[in-house]
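Undergrad: the following comprises the amino acid sequence and a computationally predicted model.
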Amino acid sequence: MDINFNKNEDHNKLKLSDLKRRLAKVKLGGGKSRIEKHHAKGKMTARERIDYLLDKDTQSIEIGAFAGEDMYEEHGGCPSGGVVVKVGYVKGKQCVVVANDATVKAGAWFPITGKKNLRAQEISIENRLPIIYLVDSAGVYLPMQDEIFPDKEHFGRIFRNNAVMSSMGITQIAAVMGSCVAGGAYLPIMSDEALIVDKTGSIFLAGSYLVKAAIGESIDNETLGGATTHSEISGVTDYKAKDDKDALDKIKNIVDKIGDFDKAGFNRVEAKKPAENPDDIFGLLPTSRSDQYDMLEIIKRLVDDSEFEQYKEGYGQTILTGYARIDGWAVGIVANQRKVVKTKKGEMQFGGVIYSDSADKATRFIANCNQKKIPLVFLQDVTGFMVGSKSEHGGIIKDGAKMVNAVSNSVVPKFTIVIGNSYGAGNYAMCGKAYDPRLIVAWPSAELAVMSGNSAAKVLLQIEKASLEKSGKPVDAEKEQELFDKIKQRYDDQISPYYAAARLWTDAIINPLDTRKWISMGIEAANHAPIEKKFNMGVLQV
């Protein structure tokens, strides 16, 4: 291996170590002392509940582990958005599991908590997966109620989805394993089946203090809305469990009886490992996001037997398109080529930039995959579309619009991996979050923004400099550099993959070596939902 490979490997493995360190911190939720208090009440933590529920020695993926990262410091923080979401297997059936983390503000709902719950329901709806709610929440976080309560994508949308999902035949099971208060009380009862844990679970629209204040009635919470009340008097819940494990065992028994599902019919054969060593990825990815590398070498380390059948190999070379298999599943791959390429006309094209011919090729390939019912995988490392008079005169906007149209109207499931840059309209054309990928994840090397930190800082610096000079404050070279560094630092913080993951612009930041697992489990989930629409690009198909 050459010296650059070794430097790249050291750099990228340090980033991976940082990811593992951050994940370990996040998994502590509200901290060790709060976990101990939780255990003292005879309760399992959210993560312990999920681990017990999911089948042993099976794979799972966690959605939104970094949700809320560094977002609510003035309120004491909100690790993982105060809720843990995983896709895994219960009695061999793939399910979505949502568990409130009561070690974080007693499981109260922050704005990002609502967004994350809605994302979990979206995954369930798109893939027709059963969803299990492990409820332990004090309800809306009142200091921020205006940001979580009334709008279309706020708290109430959860219950609307409960109703819609039930009408779609998507199984919803809820276990009340702690507090379940006010509007939040509707979630378990709008599920198909509801369980409650004796002594620790409670459900009521208003607790004893509020009841006393509102109507003058004196009553304790257990009598008001405990397990015995709702299992034997009101009939609100369907099962009473003696403790957390008993409740989770009952859920396993319920899931075990669910019938088989209609399949979408995606092609799968026996899986093969990549022939090329996946560990090489760490040495192939350059330390700088502006450096060139061959994306084809990355693909060879992600796909079965390292076999990639290129479509239009010699045309539109700044995008690679082709067929492969990942863990046995047939996939169509659309990837940004990150090395400078030379066209047949002798012209040089920059890696990571989408040109007219690249967009045209990608559009045609996406249409082919839709016709053949082949899931699409987008590997992003894109700086945007080519600019300048030559590109404009050549119709880059029209060709780019066709590609965006094809991505938008695609009916096969799409999966997006942000490997490096994800800038501007390139993010859109390569199936960014706004274009409904079933799953979108980032590697630690990813950057998401309108443009690179360096480019954005130069633009913002000119605006800031002009403003200062207009107000009679000349900017010398030293002051200019100071301003540039300050602007770039602020912008660089925002293009970090952790900034994006905190806001759920991506579902996760993952170890590159877990990419095959995420895509495979994603396609398996998508196979639960037969394709009901036909691919149609509308007026732009010509």
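TA: Yep, that arrived. Residues are numbered from 1 along each chain as shown.
Undergrad: quick one: the helices in the stretch 301-450 of the chain?
TA: 356-372, 389-393, 396-409, 424-429 (DSSP state H, counting those that start in this stretch).
Undergrad: pull the residues that contact the first one.
TA: Spelled out, that is helix 356-372. The contact list for helix 356-372 (C-beta atoms under 8 Å, 6 or more residues apart in numbering) reads 311-312, 315-319, 321-322, 332, 334, 343, 354, 375-376, 385-386, 391, 394-396, 399-400, 402-403, 405-407, 410-412, 429, 535, 537. Any C-beta I mention is one placed from the backbone N, CA and C, and that applies to glycine too.
Undergrad: quick one: buried ones out of these?
TA: 311-312, 316-319, 321-322, 332, 334, 354, 375-376, 385-386, 391, 396, 399-400, 402-403, 405-407, 410, 412, 429, 535, 537 (16 or more other C-beta atoms under 10 Å).
Undergrad: residue contacts, Ser408?
TA: Ser408 neighbours (C-beta under 8 Å, 6+ apart): Tyr435.
Undergrad: in this structure, where is pLDDT below threshold?
TA: Along the chain, segments meeting pLDDT under 70 span 1, 183, 540-542.
Undergrad: go again with 50.
TA: 542 (pLDDT under 50).
Undergrad: give me the outermost residue of it relative to its centroid.
TA: Gly472 (47.5 Å; C-alpha atoms, centre = their mean).
Undergrad: buried residues of stretch 273-287, list them for me.
TA: Neighbour counts over stretch 273-287 (16+ other C-beta under 10 Å) mark 274, 276, 278, 280-286 as buried.
Undergrad: oh, that last question was meant for stretch 38-58, not what I typed.
TA: Of the residues in stretch 38-58, those buried (16+ other C-beta under 10 Å) are 38, 43-50, 53-54.
Undergrad: how near is Met473 to Lys402?
TA: I think there's a mix-up here, since residue 473 is Lys and not Met. 48 Å (C-beta to C-beta, to the nearest Å).
Undergrad: again, but for Val255
TA: Val255 is 44 Å from Lys402, by C-beta to C-beta.
Undergrad: number of residues surrounding Leu23?
TA: Close neighbours of Leu23, defined as other C-beta atoms under 10 Å, add up to 16.
Undergrad: for it, which non-adjacent residue is spatially closest?
TA: Ala65 (6.2 Å; C-beta to C-beta, 6 or more residues apart in numbering).
Undergrad: wait, a strand at the one you found?
TA: No - counting by DSSP: H, G, I helix; E, B strand; the rest coil, Ala65 is not part of a strand but coil.
Undergrad: ok, it - contacts?
TA: Applying C-beta under 8 Å, 6+ apart, we find Ala65 in contact with 23, 26-27, 80, 501, 508-509.
Undergrad: now, which of the residues you listed sits nearest Ile326?
TA: Nearest to Ile326 among those: Ala508, at 17.1 Å, using C-beta to C-beta.
Undergrad: quick check, the closest one in contact with Gly64.
TA: Yes - between Ala508 and Gly64 there is a contact under C-beta atoms under 8 Å: 7.2 Å.
Undergrad: okay, and the common contacts of the two?
TA: Ala501.
Undergrad: more neighbours: the two, which one.
TA: Gly64 (27 against 21).
Undergrad: how about the nearest residue to the more buried one, chain neighbours excluded?
TA: Gly64's closest residue in space is Lys116 (C-beta to C-beta, 6+ apart), at 4.8 Å.
Undergrad: same question, Asp220
TA: Ser208 (5.9 Å).
Undergrad: distance of that neighbour from Ser124?
TA: Relative to Ser124, and taking C-beta to C-beta, Ser208 is found at 34 Å.
Undergrad: next one: phi and psi at Val236?
TA: phi -70, psi -40 (degrees, to the nearest 10).
Undergrad: counting neighbours, what do you get for Cys431?
TA: Residues near Cys431, counting by other C-beta under 10 Å, number 25.
Undergrad: same question, Ser306
TA: Neighbour count for Ser306, taken as other C-beta under 10 Å: 18.
Undergrad: what sits against it?
TA: Ser306 neighbours (C-beta under 8 Å, 6+ apart): 274-276, 300.
Undergrad: same check, this time on Asp10
TA: Contacts of Asp10 (C-beta under 8 Å, 6+ apart): none.
Undergrad: so it lies in a strand, does it not?
TA: No - read with three-state DSSP, Asp10 is helix and lies in no strand.
Undergrad: give me the distance between it and Glu307.
TA: Taken as C-beta to C-beta, the span from Asp10 to Glu307 is 30 Å.
Undergrad: beta-bridge partners for Lys93, please?
TA: Val90 (DSSP bridges).
Undergrad: is it true that it touches Ile258?
TA: Yes - shown here, Lys93 and Ile258 form a contact pair, counting by C-beta under 8 Å, at 6.2 Å.
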